[in-house]
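Engineer: need a structure here:
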Amino acid sequence: MTTREVEHEITVAAPAQAVYRLIAEVENWPRIFPPTLYVDHVERGEREERIRIWATANGAPKNWTSKRTLDPDNLRITFRQEVSTPPVAAMATWIIEPVSATESGSALLHDYRAIDDDPEGLKWVDEAVDRNSRSELAALKTNVELAHASEEITFSFEDTVQIDGSAKDAYDFVNEANLWPERLPHVATVRFEEETPGLQSLEMDSRAKDGSTHTTKSYRVTFPHHRIAYKQITLPALMTLHTGYWTFEENEDGVAASSQHTVVLNTENIARILGADATVADAREYVQTALSTNSRATLGYAKAYAEGKR
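Structural biologist: Below you'll find the model as predicted:
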């Protein structure tokens, strides 16, 4: 059985502890790994855990489960896919080492073999691991440095509406985005796909107050009937990241339906979009108002729909 060990490394302009934390806390992954749409925990122990990952591969959304071992003392994270995708059986380790107070070395170590020891399979795996490791480390460097440096331009907020109805009906309204042009006045057209149940592609043309339309595309991961998570992949000029989720929590008065957003501002475009004197605070207020207006409108129509179903 031929087992390969290969290591790729890169220097990141962020402290080692910060890099480790960003990788260890899976809720950060949509920020630091561009293909990642959403990650959640299946099982969670102090050092061992199983996580489920939704991500794009060659432009198509996929999901899988991985096992991880966390070693915060040595800044190491070992992981492997629970079910390997032929022709590869592999395990990988992130190793973070301090270089200085503000820099760290990040290495990605792979142990792998080709299933059935097939030479052609091993050659394919060699090339794939090399290509993917280089692109992943480059993305890690870029996005960890951005995430570490962009705390002042990263913010989250939430809007909640109380509905005198069922969580299922409110969830259905948001889940059935293919019907939004008929149900939501600010949505002009929708291109909606759900080839894998629970994994949706949503491209939407929305109307602004001035009558203009703009196009956005998101991937959505659905958990009936309590959560829909999404990552926007075509972004307006004032954002470099937009993720969020809709939640539906039953309570004694019906259901609390919420829309949560996490945004990283694109500071390079503030002057062009909002004027030469505009500040980060102005951009934050502008973006939050725009997103909140659409979320509240959608939640309002979901409320009317769910209450009408009672």
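Engineer: Does Ser303 touch Thr160 like I think?
Structural biologist: Wrong residue type there; residue 303 is Lys, not Ser. No: the criterion here is CB atoms under 8 Å, and Lys303 misses it with Thr160 at 11.0 Å. Just so you know, the C-beta spots here come from the backbone N, C-alpha and C atoms, and that holds for glycine as well.
Engineer: Identify the contacts common to these two.
Structural biologist: Common contact partners of Lys303 and Thr160 (CB atoms under 8 Å, 6 or more residues apart in numbering): Ala257.
Engineer: neighbour count winner among the two?
Structural biologist: Lys303 (21 against 15; other CB atoms under 10 Å).
Engineer: OK, contacts around the more buried one?
Structural biologist: 161, 163, 165, 170, 257.
Engineer: and which of those residues is nearest Val12?
Structural biologist: The closest of these to Val12 turns out to be Ala257 (CB to CB; 39.4 Å).
Engineer: Tell me which helix or strand the closest residue to the closest one other than its chain neighbours sits in.
Structural biologist: The shortest distance from Ala257 to any non-neighbouring residue, by CB to CB, 6 or more residues apart in numbering, is to Ala170 (4.8 Å). For Ala170, the element it lies in under DSSP states H and E is helix 167-175.
Engineer: okay, that helix in CSV with CA atoms only?
Structural biologist: Taking C-alpha atoms only, helix 167-175 is exported to CSV below (Å, rounded to 0.1, in the frame of the first residue of the first chain):
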residue,chain,number,x,y,z
ALA,A,167,-43.0,27.6,11.9
LYS,A,168,-43.6,25.3,9.0
ASP,A,169,-45.8,27.8,7.1
ALA,A,170,-43.3,30.7,7.7
TYR,A,171,-40.4,28.5,6.7
ASP,A,172,-42.2,27.3,3.5
PHE,A,173,-42.7,30.9,2.4
VAL,A,174,-38.9,31.6,2.6
ASN,A,175,-37.9,28.2,1.3
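Engineer: which residues in this protein form strands?
Structural biologist: Along the chain, counting by DSSP state E, strands occupy 4-12, 36-44, 48-57, 60-71, 76-81, 88-98, 104-114, 154-163, 187-196, 199-207, 213-223, 227-234, 239-251, 254-265.
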